[in-house]
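In: Structure of the sequence below:
(one chain, ligands or ions: 1)
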Amino acid sequence: MPVYLDWNATAPLRPVARAAWLAAVEDAWGNPASVHRIGQAARACLDAALQRCAAALACAPEELVITSGGSEALATVLRAARGPVVASAIDHSAVLRNAAELRTVAVDEQGRIDAAAWTAALPGCAVACIQAANNEVGTLQDIAALAAAVRRLAPQALVLVDACQAVGRIPFAIRALDADAVAIAGHKLGAPKGVGLLWVRRGVRLPPLIQGGRQQADRRSGTEDAALAAALAAALAEAVAEQPREAERQAGLLGELWQRLHAELPQLRRLGGGLPNTLGLVHPGIDGRHWAMRLDLAGFAVSTGAACMAGRGEPSHVARALCRDEALARSFLRVSIGRTTTGDELLAFAEACAAAARALAALSRG
Ligand SMILES: Cc1ncc(COP(=O)(O)O)c(C=O)c1O
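Out: Model prediction:
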(Lines give C-alpha, C1' and ligand atoms only; values in the text may rest on other atoms or scores of the structure.)
Protein backbone atom coordinates (compact mmCIF):
# COMPACT_ATOMS: atom_id res chain seq x y z
CA MET A 1 0.00 0.00 0.00
CA PRO A 2 1.37 3.44 -0.88
CA VAL A 3 1.90 5.95 1.91
CA TYR A 4 -1.14 8.23 1.78
CA LEU A 5 -0.20 11.92 1.92
CA ASP A 6 -3.30 13.35 0.22
CA TRP A 7 -5.65 13.78 3.18
CA ASN A 8 -7.07 17.04 1.85
CA ALA A 9 -8.44 15.16 -1.17
CA THR A 10 -10.22 12.78 1.15
CA ALA A 11 -9.53 10.92 4.38
CA PRO A 12 -9.71 7.18 4.94
CA LEU A 13 -12.82 6.04 6.78
CA ARG A 14 -12.42 6.24 10.56
CA PRO A 15 -13.05 2.91 12.30
CA VAL A 16 -15.65 4.59 14.57
CA ALA A 17 -17.50 5.89 11.51
CA ARG A 18 -17.43 2.50 9.87
CA ALA A 19 -18.81 0.83 13.02
CA ALA A 20 -21.57 3.42 13.41
CA TRP A 21 -22.41 3.17 9.71
CA LEU A 22 -22.65 -0.61 9.63
CA ALA A 23 -24.70 -0.78 12.83
CA ALA A 24 -27.17 1.79 11.52
CA VAL A 25 -27.41 0.15 8.10
CA GLU A 26 -28.66 -2.94 9.93
CA ASP A 27 -30.86 -1.27 12.53
CA ALA A 28 -31.97 2.05 11.07
CA TRP A 29 -32.64 1.38 7.41
CA GLY A 30 -36.25 2.53 7.48
CA ASN A 31 -37.57 5.79 6.12
CA PRO A 32 -37.31 8.32 8.96
CA ALA A 33 -40.61 9.86 7.83
CA SER A 34 -42.57 6.63 8.22
CA VAL A 35 -44.83 6.47 11.23
CA HIS A 36 -44.33 2.76 11.97
CA ARG A 37 -41.70 1.41 14.29
CA ILE A 38 -39.18 0.65 11.56
CA GLY A 39 -39.37 4.25 10.37
CA GLN A 40 -39.21 5.56 13.92
CA ALA A 41 -36.03 3.56 14.58
CA ALA A 42 -34.43 5.38 11.63
CA ARG A 43 -35.82 8.70 12.92
CA ALA A 44 -34.33 8.08 16.37
CA CYS A 45 -30.96 7.23 14.80
CA LEU A 46 -31.07 10.36 12.65
CA ASP A 47 -32.04 12.60 15.57
CA ALA A 48 -29.29 11.13 17.74
CA ALA A 49 -26.77 11.72 14.93
CA LEU A 50 -27.85 15.34 14.59
CA GLN A 51 -27.59 15.84 18.36
CA ARG A 52 -24.10 14.43 18.27
CA CYS A 53 -23.04 16.63 15.34
CA ALA A 54 -24.50 19.68 17.07
CA ALA A 55 -22.62 18.88 20.28
CA ALA A 56 -19.34 18.53 18.36
CA LEU A 57 -19.90 21.84 16.58
CA ALA A 58 -21.41 23.68 19.58
CA CYS A 59 -24.62 24.57 17.78
CA ALA A 60 -28.30 23.49 17.90
CA PRO A 61 -29.39 20.36 15.98
CA GLU A 62 -32.24 22.32 14.35
CA GLU A 63 -29.65 24.55 12.71
CA LEU A 64 -28.09 21.63 10.81
CA VAL A 65 -29.12 20.36 7.39
CA ILE A 66 -27.67 17.06 6.21
CA THR A 67 -26.42 17.31 2.64
CA SER A 68 -24.53 15.07 0.24
CA GLY A 69 -21.28 16.89 1.05
CA GLY A 70 -19.49 20.21 1.00
CA SER A 71 -20.39 21.12 -2.58
CA GLU A 72 -24.11 20.74 -2.00
CA ALA A 73 -23.95 22.69 1.25
CA LEU A 74 -22.21 25.56 -0.53
CA ALA A 75 -24.50 25.38 -3.56
CA THR A 76 -27.61 25.57 -1.37
CA VAL A 77 -26.56 29.03 -0.21
CA LEU A 78 -24.92 30.25 -3.41
CA ARG A 79 -27.76 29.26 -5.71
CA ALA A 80 -30.22 31.09 -3.48
CA ALA A 81 -28.27 34.34 -3.94
CA ARG A 82 -30.21 37.12 -5.61
CA GLY A 83 -27.24 39.22 -6.57
CA PRO A 84 -23.44 39.08 -6.69
CA VAL A 85 -21.39 36.60 -4.69
CA VAL A 86 -18.05 37.79 -3.31
CA ALA A 87 -15.34 35.15 -2.90
CA SER A 88 -11.56 34.98 -3.06
CA ALA A 89 -9.53 33.89 -6.07
CA ILE A 90 -8.47 30.76 -4.16
CA ASP A 91 -11.91 29.56 -3.14
CA HIS A 92 -12.90 26.03 -4.10
CA SER A 93 -14.54 25.47 -7.47
CA ALA A 94 -17.70 24.45 -5.60
CA VAL A 95 -17.90 28.13 -4.62
CA LEU A 96 -16.60 29.74 -7.79
CA ARG A 97 -18.75 27.65 -10.12
CA ASN A 98 -22.02 27.88 -8.18
CA ALA A 99 -22.19 31.67 -8.19
CA ALA A 100 -24.32 33.05 -11.03
CA GLU A 101 -22.62 36.42 -10.62
CA LEU A 102 -19.17 36.36 -9.07
CA ARG A 103 -16.86 39.06 -7.77
CA THR A 104 -13.46 37.54 -7.05
CA VAL A 105 -11.08 39.16 -4.64
CA ALA A 106 -7.31 38.87 -4.98
CA VAL A 107 -5.10 37.27 -2.33
CA ASP A 108 -1.55 38.11 -1.28
CA GLU A 109 1.45 35.79 -1.71
CA GLN A 110 0.45 33.89 1.41
CA GLY A 111 -3.09 33.41 0.12
CA ARG A 112 -4.66 35.90 2.51
CA ILE A 113 -7.55 37.98 1.21
CA ASP A 114 -6.57 41.54 0.37
CA ALA A 115 -8.56 43.61 2.87
CA ALA A 116 -8.92 46.65 0.58
CA ALA A 117 -10.13 44.53 -2.35
CA TRP A 118 -12.57 42.73 -0.04
CA THR A 119 -14.16 45.94 1.22
CA ALA A 120 -14.32 47.33 -2.31
CA ALA A 121 -16.15 44.22 -3.57
CA LEU A 122 -18.78 44.04 -0.82
CA PRO A 123 -21.31 46.83 -1.45
CA GLY A 124 -24.50 45.44 -2.99
CA CYS A 125 -23.49 41.78 -2.78
CA ALA A 126 -25.91 39.03 -1.78
CA VAL A 127 -23.45 36.49 -0.34
CA ALA A 128 -19.90 36.92 0.92
CA CYS A 129 -18.07 33.62 1.04
CA ILE A 130 -15.08 33.13 3.32
CA GLN A 131 -12.95 30.02 2.97
CA ALA A 132 -11.87 29.16 6.51
CA ALA A 133 -8.90 27.08 5.35
CA ASN A 134 -7.60 26.54 1.85
CA ASN A 135 -7.49 22.97 0.57
CA GLU A 136 -4.29 23.34 -1.44
CA VAL A 137 -1.95 25.59 0.52
CA GLY A 138 -3.63 25.60 3.95
CA THR A 139 -4.02 29.38 4.25
CA LEU A 140 -6.42 30.44 7.02
CA GLN A 141 -8.50 33.57 6.57
CA ASP A 142 -9.29 36.05 9.33
CA ILE A 143 -12.99 35.20 9.40
CA ALA A 144 -13.85 37.67 12.19
CA ALA A 145 -12.36 40.68 10.38
CA LEU A 146 -13.77 39.71 6.97
CA ALA A 147 -17.26 39.05 8.39
CA ALA A 148 -17.19 42.35 10.29
CA ALA A 149 -16.52 44.18 7.02
CA VAL A 150 -19.53 42.41 5.46
CA ARG A 151 -21.82 43.48 8.31
CA ARG A 152 -20.62 47.05 7.96
CA LEU A 153 -20.60 47.41 4.17
CA ALA A 154 -23.19 44.89 3.01
CA PRO A 155 -25.68 44.41 5.86
CA GLN A 156 -28.12 42.67 3.48
CA ALA A 157 -25.60 39.94 2.57
CA LEU A 158 -25.30 36.45 3.97
CA VAL A 159 -21.90 35.44 5.33
CA LEU A 160 -21.11 31.93 4.14
CA VAL A 161 -18.09 30.12 5.61
CA ASP A 162 -16.57 27.22 3.70
CA ALA A 163 -15.23 25.11 6.56
CA CYS A 164 -14.71 21.91 4.55
CA GLN A 165 -10.98 21.78 5.36
CA ALA A 166 -11.13 23.53 8.71
CA VAL A 167 -13.36 21.42 10.94
CA GLY A 168 -11.31 18.85 12.84
CA ARG A 169 -8.05 20.53 11.84
CA ILE A 170 -8.19 23.88 13.65
CA PRO A 171 -10.34 25.04 16.58
CA PHE A 172 -13.71 25.78 15.05
CA ALA A 173 -16.67 27.09 17.06
CA ILE A 174 -19.65 28.02 14.93
CA ARG A 175 -21.15 30.30 17.58
CA ALA A 176 -17.96 32.32 17.79
CA LEU A 177 -18.18 33.15 14.07
CA ASP A 178 -20.38 35.92 12.83
CA ALA A 179 -21.66 33.69 10.00
CA ASP A 180 -25.09 32.92 8.56
CA ALA A 181 -24.16 29.58 7.01
CA VAL A 182 -21.28 27.11 7.28
CA ALA A 183 -20.48 24.25 4.89
CA ILE A 184 -18.87 21.03 6.17
CA ALA A 185 -17.73 17.98 4.16
CA GLY A 186 -17.94 14.59 5.88
CA HIS A 187 -15.34 12.74 3.84
CA LYS A 188 -12.54 15.13 4.81
CA LEU A 189 -13.13 14.11 8.42
CA GLY A 190 -13.10 10.36 7.91
CA ALA A 191 -16.84 9.92 7.36
CA PRO A 192 -18.03 8.13 4.21
CA LYS A 193 -18.38 10.12 1.00
CA GLY A 194 -21.85 11.37 0.17
CA VAL A 195 -22.62 13.18 3.40
CA GLY A 196 -21.98 16.67 4.74
CA LEU A 197 -23.61 19.42 6.74
CA LEU A 198 -24.92 22.89 6.20
CA TRP A 199 -25.30 24.96 9.34
CA VAL A 200 -27.83 27.76 8.89
CA ARG A 201 -28.31 30.48 11.48
CA ARG A 202 -31.81 30.52 13.03
CA GLY A 203 -34.07 32.90 11.15
CA VAL A 204 -32.20 32.58 7.84
CA ARG A 205 -34.46 31.04 5.24
CA LEU A 206 -32.95 29.33 2.21
CA PRO A 207 -35.01 27.62 -0.47
CA PRO A 208 -34.15 23.94 -0.97
CA LEU A 209 -31.96 23.11 -3.98
CA ILE A 210 -34.31 20.29 -4.94
CA GLN A 211 -38.07 20.32 -4.41
CA GLY A 212 -39.64 17.16 -3.11
CA GLY A 213 -40.96 15.65 0.09
CA ARG A 214 -40.03 18.65 2.29
CA GLN A 215 -37.69 16.66 4.51
CA GLN A 216 -35.46 18.46 7.00
CA ALA A 217 -38.01 21.22 7.62
CA ASP A 218 -38.25 21.79 3.86
CA ARG A 219 -34.61 22.80 3.67
CA ARG A 220 -33.46 19.73 1.75
CA SER A 221 -35.83 17.28 0.10
CA GLY A 222 -34.96 13.61 -0.23
CA THR A 223 -35.24 10.66 2.15
CA GLU A 224 -32.58 11.02 4.84
CA ASP A 225 -29.96 8.29 5.21
CA ALA A 226 -29.78 7.73 8.96
CA ALA A 227 -26.78 5.41 8.61
CA LEU A 228 -24.69 8.01 6.78
CA ALA A 229 -25.71 10.58 9.37
CA ALA A 230 -24.64 8.23 12.19
CA ALA A 231 -21.28 7.65 10.51
CA LEU A 232 -20.78 11.39 10.03
CA ALA A 233 -21.61 12.07 13.68
CA ALA A 234 -19.11 9.46 14.88
CA ALA A 235 -16.36 10.83 12.61
CA LEU A 236 -17.07 14.44 13.50
CA ALA A 237 -17.14 13.77 17.26
CA GLU A 238 -13.82 11.96 17.13
CA ALA A 239 -12.17 14.49 14.80
CA VAL A 240 -13.17 17.41 17.01
CA ALA A 241 -12.09 15.60 20.21
CA GLU A 242 -8.69 14.72 18.71
CA GLN A 243 -8.18 18.12 17.06
CA PRO A 244 -5.92 19.85 19.63
CA ARG A 245 -3.62 16.85 20.04
CA GLU A 246 -3.53 15.96 16.34
CA ALA A 247 -2.96 19.55 15.22
CA GLU A 248 0.10 19.78 17.44
CA ARG A 249 1.44 16.41 16.36
CA GLN A 250 0.86 17.01 12.66
CA ALA A 251 2.29 20.54 12.73
CA GLY A 252 5.44 19.10 14.34
CA LEU A 253 5.76 16.40 11.69
CA LEU A 254 5.18 18.82 8.85
CA GLY A 255 7.68 21.32 10.27
CA GLU A 256 10.36 18.62 10.33
CA LEU A 257 9.47 17.56 6.81
CA TRP A 258 9.78 21.12 5.53
CA GLN A 259 13.18 21.57 7.25
CA ARG A 260 14.46 18.36 5.74
CA LEU A 261 13.17 19.13 2.23
CA HIS A 262 14.43 22.68 2.26
CA ALA A 263 17.89 21.55 3.38
CA GLU A 264 17.99 19.15 0.41
CA LEU A 265 16.42 21.50 -2.12
CA PRO A 266 17.49 25.11 -1.54
CA GLN A 267 15.26 26.42 -4.34
CA LEU A 268 12.15 24.84 -2.86
CA ARG A 269 9.48 27.33 -1.79
CA ARG A 270 6.53 26.81 0.51
CA LEU A 271 3.23 28.33 -0.61
CA GLY A 272 0.76 29.58 1.96
CA GLY A 273 0.61 27.70 5.23
CA GLY A 274 -1.63 27.78 8.29
CA LEU A 275 -3.38 24.41 8.41
CA PRO A 276 -1.28 22.09 10.57
CA ASN A 277 -1.48 19.24 8.04
CA THR A 278 -0.87 20.94 4.68
CA LEU A 279 2.37 21.70 2.84
CA GLY A 280 2.19 23.35 -0.59
CA LEU A 281 5.47 23.24 -2.51
CA VAL A 282 6.88 24.77 -5.69
CA HIS A 283 10.28 24.29 -7.27
CA PRO A 284 11.67 25.88 -10.45
CA GLY A 285 12.22 23.68 -13.48
CA ILE A 286 9.78 20.94 -12.47
CA ASP A 287 6.38 19.85 -13.73
CA GLY A 288 4.27 19.03 -10.68
CA ARG A 289 2.49 16.22 -12.53
CA HIS A 290 5.77 14.46 -13.22
CA TRP A 291 6.85 15.02 -9.63
CA ALA A 292 3.65 13.49 -8.28
CA MET A 293 3.87 10.59 -10.76
CA ARG A 294 7.42 9.74 -9.75
CA LEU A 295 6.39 9.82 -6.13
CA ASP A 296 3.44 7.57 -6.87
CA LEU A 297 5.82 5.05 -8.45
CA ALA A 298 8.04 5.37 -5.37
CA GLY A 299 5.03 4.53 -3.16
CA PHE A 300 3.76 7.92 -2.00
CA ALA A 301 0.33 9.37 -2.84
CA VAL A 302 0.48 13.18 -3.14
CA SER A 303 -1.29 15.59 -5.48
CA THR A 304 -0.81 18.57 -7.75
CA GLY A 305 -3.72 20.46 -6.19
CA ALA A 306 -7.39 19.80 -5.60
CA ALA A 307 -8.23 16.28 -6.74
CA CYS A 308 -11.16 17.54 -8.84
CA MET A 309 -8.83 19.83 -10.84
CA ALA A 310 -5.85 17.46 -10.98
CA GLY A 311 -8.08 14.91 -12.69
CA ARG A 312 -8.73 17.46 -15.45
CA GLY A 313 -5.02 18.11 -15.99
CA GLU A 314 -5.43 21.79 -15.21
CA PRO A 315 -2.81 23.62 -13.15
CA SER A 316 -4.00 24.73 -9.74
CA HIS A 317 -5.73 28.13 -9.74
CA VAL A 318 -4.58 28.47 -6.14
CA ALA A 319 -0.88 28.03 -6.98
CA ARG A 320 -1.31 30.47 -9.86
CA ALA A 321 -2.86 33.10 -7.60
CA LEU A 322 -0.04 32.80 -5.04
CA CYS A 323 2.97 32.41 -7.37
CA ARG A 324 2.18 34.99 -10.01
CA ASP A 325 4.49 32.92 -12.22
CA GLU A 326 2.80 30.43 -14.52
CA ALA A 327 5.82 28.10 -14.91
CA LEU A 328 6.46 27.95 -11.17
CA ALA A 329 2.75 27.37 -10.51
CA ARG A 330 2.94 24.30 -12.77
CA SER A 331 5.44 22.73 -10.38
CA PHE A 332 2.95 22.81 -7.51
CA LEU A 333 2.84 19.76 -5.24
CA ARG A 334 0.51 19.33 -2.26
CA VAL A 335 1.43 17.16 0.70
CA SER A 336 -1.36 16.74 3.23
CA ILE A 337 -1.10 14.46 6.24
CA GLY A 338 -3.55 12.99 8.71
CA ARG A 339 -4.13 11.10 11.91
CA THR A 340 -2.31 7.91 10.88
CA THR A 341 0.74 9.62 9.29
CA THR A 342 4.00 8.76 11.07
CA GLY A 343 7.42 10.40 11.31
CA ASP A 344 9.03 7.37 9.67
CA GLU A 345 6.73 7.68 6.66
CA LEU A 346 7.68 11.33 6.27
CA LEU A 347 11.37 10.54 6.64
CA ALA A 348 11.14 8.14 3.71
CA PHE A 349 8.97 10.60 1.80
CA ALA A 350 11.47 13.46 2.25
CA GLU A 351 14.18 11.34 0.64
CA ALA A 352 12.00 10.24 -2.28
CA CYS A 353 10.60 13.75 -2.80
CA ALA A 354 14.03 15.38 -2.88
CA ALA A 355 15.43 12.67 -5.18
CA ALA A 356 12.53 13.05 -7.61
CA ALA A 357 12.87 16.84 -7.63
CA ARG A 358 16.60 16.68 -8.29
CA ALA A 359 16.12 14.20 -11.13
CA LEU A 360 13.38 16.28 -12.77
CA ALA A 361 15.26 19.56 -12.39
CA ALA A 362 18.34 17.91 -13.98
CA LEU A 363 16.22 16.65 -16.88
CA SER A 364 14.76 20.09 -17.52
CA ARG A 365 18.28 21.59 -17.56
CA GLY A 366 18.98 19.01 -20.30
C1 LIG B 1 -12.32 23.96 0.66
C2 LIG B 1 -13.28 22.99 0.06
N3 LIG B 1 -14.55 23.36 -0.18
C4 LIG B 1 -15.46 22.53 -0.72
C5 LIG B 1 -15.14 21.23 -1.04
C6 LIG B 1 -16.19 20.34 -1.65
O7 LIG B 1 -16.55 19.33 -0.74
P8 LIG B 1 -17.17 17.93 -1.24
O9 LIG B 1 -16.06 17.18 -1.87
O10 LIG B 1 -17.64 17.28 0.03
O11 LIG B 1 -18.28 18.23 -2.15
C12 LIG B 1 -13.83 20.79 -0.81
C13 LIG B 1 -13.39 19.43 -1.15
O14 LIG B 1 -13.41 18.91 -2.21
C15 LIG B 1 -12.89 21.69 -0.25
O16 LIG B 1 -11.63 21.32 -0.04
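In: ok, so what distance separates whichever residue of the chain sits closest to the ligand from A179?
Out: The ligand sits closest to G70 of the chain, with a gap of 2.5 Å, by C-beta to the nearest ligand atom. Every residue, glycine included, has its C-beta placed from N, CA and C. G70 sits 15 Å away from A179, going by C-beta to C-beta, to the nearest Å.
In: Quick check: buried residues in the longest helix belonging to the chain?
Out: Counting by DSSP state H, the longest helix found in the chain is helix 226-264. Neighbour counts over helix 226-264 (16 or more other C-beta atoms under 10 Å) mark 226-240, 243, 246-247, 249-250, 253-254, 257-258, 260-261 as buried.
In: try stretch 46-58
Out: Buried residues in stretch 46-58 (16+ other C-beta under 10 Å): 46, 48-50, 52-54, 56-57.
In: tell me, which of these make contact with the ligand?
Out: Among the buried residues of stretch 46-58, no residue lies close to the ligand (C-beta under 6 Å from any ligand atom).
In: Same list (these) but as TSV, adding secondary structure and pLDDT.
Out: Output for those, formatted as TSV (DSSP: H, G, I helix; E, B strand; the rest coil; pLDDT from 0 to 100):
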residue	secondary structure	pLDDT
L46	helix	98
A48	helix	98
A49	helix	98
L50	helix	98
R52	helix	98
C53	helix	98
A54	helix	97
A56	helix	97
L57	helix	96
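In: Pull the contacting residues for the closest residue in space to the residue of the chain closest to the ligand that isn't next to it in sequence.
Out: Among residues not flanking G70 along the chain, A185 sits closest, at 3.3 Å (C-beta to C-beta, 6 or more residues apart in numbering). By C-beta atoms under 8 Å, 6 or more residues apart in numbering, the contact list for A185 reads 69-71, 73, 164, 196.
In: near the ligand, from the buried residues of helix 226-264?
Out: Okay, of the buried residues of helix 226-264, nothing touches the ligand (C-beta under 6 Å from any ligand atom).
In: circling back to that earlier point, the residue nearest to G70 bridge partners, please.
Out: G196 (DSSP bridges).
In: Check what pLDDT it gets.
Out: Note for A185: predicted pLDDT of 98.
In: now it: how far from V240?
Out: Taking C-beta to C-beta, one finds A185 at 14 Å from V240.
In: For R37, grab phi and psi.
Out: Taking degrees, to the nearest 10, you get phi -70, psi -30 for the backbone angles of R37.
In: neighbours of it, just the number please.
Out: 9 (other C-beta atoms under 10 Å).
In: Up against the ligand, what does this protein have?
Out: 69-71, 92, 94, 131, 135, 162, 164-165, 185, 187, 196.
In: So what's the gap between stretch 176-184 and the chain middle?
Out: 14 Å (C-alpha atoms, centre = their mean, to the nearest Å).
In: buried set for it?
Out: For stretch 176-184, by 16+ other C-beta under 10 Å, it's 177, 179-184.
In: Need those in a markdown table (columns: secondary structure and distance to A348).
Out: Shown next, in a markdown table, are the buried residues of stretch 176-184 (DSSP: H, G, I helix; E, B strand; the rest coil; distance: C-beta to C-beta, whole Å):
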| residue | secondary structure | distance to A348 |
| --- | --- | --- |
| L177 | coil | 39 |
| A179 | coil | 41 |
| D180 | coil | 45 |
| A181 | strand | 42 |
| V182 | strand | 37 |
| A183 | strand | 35 |
| I184 | strand | 33 |
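In: wait, which of these is closest to A191?
Out: Taking C-beta to C-beta as the measure, A191 lies nearest I184 of those, at 9.8 Å.
In: so that closest one touches L197, yeah?
Out: Yes - at 4.3 Å, I184 counts as touching L197 under the criterion of C-beta atoms under 8 Å.
In: what is in contact with these two at once?
Out: Residues touching both I184 and L197 (C-beta under 8 Å, 6+ apart) are 57, 73.
In: tell me the helices in the protein, going along the chain?
Out: 15-27, 37-57, 70-78, 93-96, 115-121, 143-153, 215-218, 226-264, 288-297, 307-310, 317-323, 326-329, 343-365.
In: Ok, which of the ones you listed comes nearest G280?
Out: Closest among the helices of the chain, once you apply C-beta to C-beta, is helix 317-323, at 7.1 Å.
In: so how far is V95 from the residue nearest to G70?
Out: A185 is 13 Å from V95, where distance means C-beta to C-beta.
In: count of neighbours near the nearest residue to L206 once chain neighbours are set aside?
Out: Counting by C-beta to C-beta, 6+ apart, A80 is the residue found nearest to L206 once chain neighbours are left out, at 4.9 Å. Neighbourhood size, A80 [other C-beta under 10 Å]: 17.
In: Distance of A80 relative to R205?
Out: For A80 relative to R205 (C-beta to C-beta), the value is 9 Å.
In: again, but for G272
Out: Using C-beta to C-beta, G272 is found at 36 Å from R205.
In: Looking at those two, which is more packed in?
Out: The neighbour comparison of G272 against R205 (other C-beta under 10 Å) goes to G272, with 24 against 8.
In: Surely the more buried one touches Q131?
Out: No - G272 is beyond contact range of Q131, at 11.6 Å (criterion: C-beta under 8 Å).
In: Pull the number of nearby residues for G203.
Out: The number of residues packed near G203 is 6, by other C-beta under 10 Å.
In: per-residue pLDDT, A81?
Out: With respect to pLDDT, A81 has a value of 96.
In: Chain neighbours aside, what residue packs nearest to it?
Out: A126 (4.1 Å).
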